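Novice: 3D model of this:
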Amino acid sequence: MTKAAELANLIGNINAGSPLGNRNLVHNGAMLVHQKGGTITLSGLTPHLDRFTAYKSNGGTQTVEQSTDGPEGFKNSLKVTNTGADSSVSSVDRVAIIHRCEGQHISHLEWGTANAKTCTLSFYVKSSITGTHGGAFGNGSDNRAYPFTYTISSADTWERKIITVEGDTSGTWAINNTRSLQICWGLGVGSTFSGTADAWESADRNSATGATTDFLTTANATWYLTGVQLEIGQNATAFEHEPFERTLAKCQRYYQIMGYNIQDYPPTSGYTDCHVTFLTQMRATPSATITQATLYNISGTTGVHELSVNSCRLENQTSGNNVRTRQSGGSVALAAEI
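Specialist: Got it, this is the predicted structure:
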């Protein structure tokens, strides 16, 4: 698309109600933030790169990682590798990469009403498997879906895809802090979770009928994704790049890692603790996983107490009293994923 055409599309989308800035409803669409780090093996519902998750239920094995391979203008992408082939994809097998939107962030789309707005999804994709691939839009209740297809024309080549979807005038679409609109990219989905492309239906879908399942049956097949953008209007505009720190702050509403240190003279109770204020208010009260700090002069375990959307208290129970205690370099991972 030429620059003139991109400008014309942008003006058209602004006239349709899409703002010039903050128009992308997808967080971390350029795959810049990966707080968990490393390569993650999929199992059931598996969060990986920030704000992206996967659902895996099949006989093969798949991994997800942050890649430095990207099309022009992008330094990162999400990479999926089929590390162990599934010899036969059954009707209920599926692997899908998913982005889930919180209801408060898409309420202005007015889906589920007569005023439902048309939206356009655009993304860059690269795969070793050519042919017809599939995906689906869906709601948080998993009972409304709009399957779609896209074609990968050349193996191992970055291509941009554009999908326009008319807003759903039926169904239930959350407008609070729970799961609402979700976008799925199917990497091999059996018939049970595939539906007719380009039509809304009352079902749980991750892909479209006729989409290839060759990714799952091909050992070491790869699939990359970046530049994901969902915006109001019938046209796709150029990807909205934003400062890294703004993307990170959006992601920390759902997952963040906080460091902590504890130092005290425990009295007769034998406890030391510290208060941790989160980097940003989280979507909901999070779960917490502690990587315990290096312990000096004590032995004991650290627990999490008084969790809220804004803070928590970390408490270490020691084996001795009236002895200086110190912990250094601990961290607590806080998750409020959708």
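Novice: Arg160: how many residues sit nearby?
Specialist: Residues near Arg160, counting by other CB atoms under 10 Å, number 14. (C-beta placed from N, C-alpha, C; glycine too.)
Novice: And the host helix or strand of it, what does it pack against?
Specialist: Assigned by DSSP states H and E, Arg160 belongs to strand 159-165. Other helices and strands packing on strand 159-165, by 3 or more CB pairs under 8 Å, 6 or more residues apart in numbering; DSSP states H and E, are strand 119-127, strand 145-152.
Novice: Let me know the average pLDDT across it.
Specialist: Regarding strand 159-165, the rounded mean pLDDT is 98.
Novice: Sheet-wise, list the partners of it with their directions.
Specialist: According to DSSP bridges, strand 159-165 has the following sheet partners: strand 119-127 (antiparallel).
Novice: partners of the helix or strand just after the strand it pairs with, with directions?
Specialist: Next in sequence after strand 119-127, counting helices and strands by DSSP H and E, comes strand 131-138. Strand pairing for strand 131-138, determined by DSSP bridges: strand 145-152 (antiparallel), strand 179-189 (antiparallel).
Novice: Tell me which of those is the most buried.
Specialist: Sort those by mean neighbour count, taking mean count of other CB atoms under 10 Å, and strand 179-189 sits at the top with a mean of 26.
Novice: Figure out how far the next helix-or-strand element following it is from the centre of its chain.
Specialist: Next in sequence after strand 179-189, counting helices and strands by DSSP H and E, comes strand 194-195. Relative to the centre of its chain, strand 194-195 is centred 22 Å away, using CA atoms, centre = their mean, to the nearest Å.
Novice: So what touches strand 194-195?
Specialist: Strand 194-195 is contacted by residues 134, 136, 145, 147, 186, 201, 203, 205-209, 211 when judged by CB atoms under 8 Å, 6 or more residues apart in numbering.
Novice: just to revisit the earlier point, switch the helices and strands packed on strand 159-165 over to CSV; also include mean pLDDT.
Specialist: What follows is these, written out as CSV (pLDDT from 0 to 100):
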stretch, mean pLDDT
strand 119-127, 98
strand 145-152, 98
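Novice: Turn those into JSON lines, including distance to Val64.
Specialist: Converted to JSON lines, those look like this (distance: least, CB to CB, whole Å):
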{"stretch": "strand 119-127", "distance to Val64": "14"}
{"stretch": "strand 145-152", "distance to Val64": "19"}
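Novice: between these, which gets nearest to Asn76?
Specialist: strand 119-127 (11.3 Å; CB to CB).
Novice: For that closest one, what is the distance to the chain centroid?
Specialist: For strand 119-127 - counting by CA atoms, centre = their mean - the centre lies 15 Å from the chain centre.
Novice: Can I get it in CSV? Just the C-alpha atoms.
Specialist: What follows is strand 119-127, C-alpha atoms only, in CSV (Å, rounded to 0.1, in the frame of the first residue of the first chain):
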residue,chain,number,x,y,z
CYS,A,119,-13.5,-3.2,12.8
THR,A,120,-10.4,-4.1,10.8
LEU,A,121,-7.6,-6.4,12.0
SER,A,122,-4.2,-6.2,10.3
PHE,A,123,-1.1,-8.2,11.1
TYR,A,124,2.2,-9.4,9.6
VAL,A,125,2.7,-13.2,9.4
LYS,A,126,5.4,-15.5,8.2
SER,A,127,5.3,-19.3,8.1
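Novice: on that earlier part again, what comes up buried for the strand holding Arg160?
Specialist: 161, 163, 165 (16 or more other CB atoms under 10 Å).
Novice: Columns distance to Glu240 on top of these, output as TSV?
Specialist: Conversion of these to TSV gives the following (distance: CB to CB, whole Å):
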residue	distance to Glu240
Lys161	17
Ile163	17
Val165	19
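Novice: Can you tell me which of those residues lies closest to Gly227?
Specialist: For the buried residues of strand 159-165, the nearest to Gly227 is Lys161 (9.9 Å; CB to CB).
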